[in-house]
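Visitor: The sequence isn't on hand, but the structure is:
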């Protein structure tokens, strides 16, 4: 069901507003929401690991102690 902007909020006498109608096809199920959260978490962890393992080694030395520790770590 396609709703136009004028159909979203109608005011009756300027004081009462009707509810917004939600299209059932536009809702996320709980499984889709959890799946999206896991994908977002996985991408975030991958980017963090990629930065710590590769990108930080290519950048100039940091003055920040935490970033310097990430940059200077080594697997022995």
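Guide: Ah, there it is. Remember, predicted model here, so these are calculated numbers, not experimental data.
Visitor: what residues does the host helix or strand of residue 57 touch?
Guide: Assigned by DSSP states H and E, residue 57 falls within helix 56-58. Here helix 56-58 makes contact (CB atoms under 8 Å, 6 or more residues apart in numbering) with 67, 70, 71. Any C-beta I mention is one placed from the backbone N, CA and C, and that applies to glycine too.
Visitor: starting at the chain centroid, how far to it?
Guide: Centroid displacement of helix 56-58 relative to its chain, using CA atoms, centre = their mean, to the nearest Å, is 26 Å.
Visitor: ok, and for that helix, which residues are buried?
Guide: Buried residues in helix 56-58, counted by 16 or more other CB atoms under 10 Å: residue 56.
Visitor: could I get the contacts of helix 56-58 as JSON lines with secondary structure and pLDDT?
Guide: Formatted as JSON lines, the contacts of helix 56-58 follow (DSSP: H, G, I helix; E, B strand; the rest coil; pLDDT from 0 to 100):
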{"residue": "67", "secondary structure": "helix", "pLDDT": "89"}
{"residue": "70", "secondary structure": "helix", "pLDDT": "87"}
{"residue": "71", "secondary structure": "helix", "pLDDT": "87"}
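Visitor: For residue 59, state which of the residues you listed is nearest.
Guide: Set against residue 59, the nearest of the contacts of helix 56-58 by CB to CB is residue 71 (7.0 Å).
Visitor: That closest one: neighbouring residues, count only.
Guide: Residue 71 has 17 neighbouring residues, counting by other CB atoms under 10 Å.
Visitor: Sweet, I'm off.
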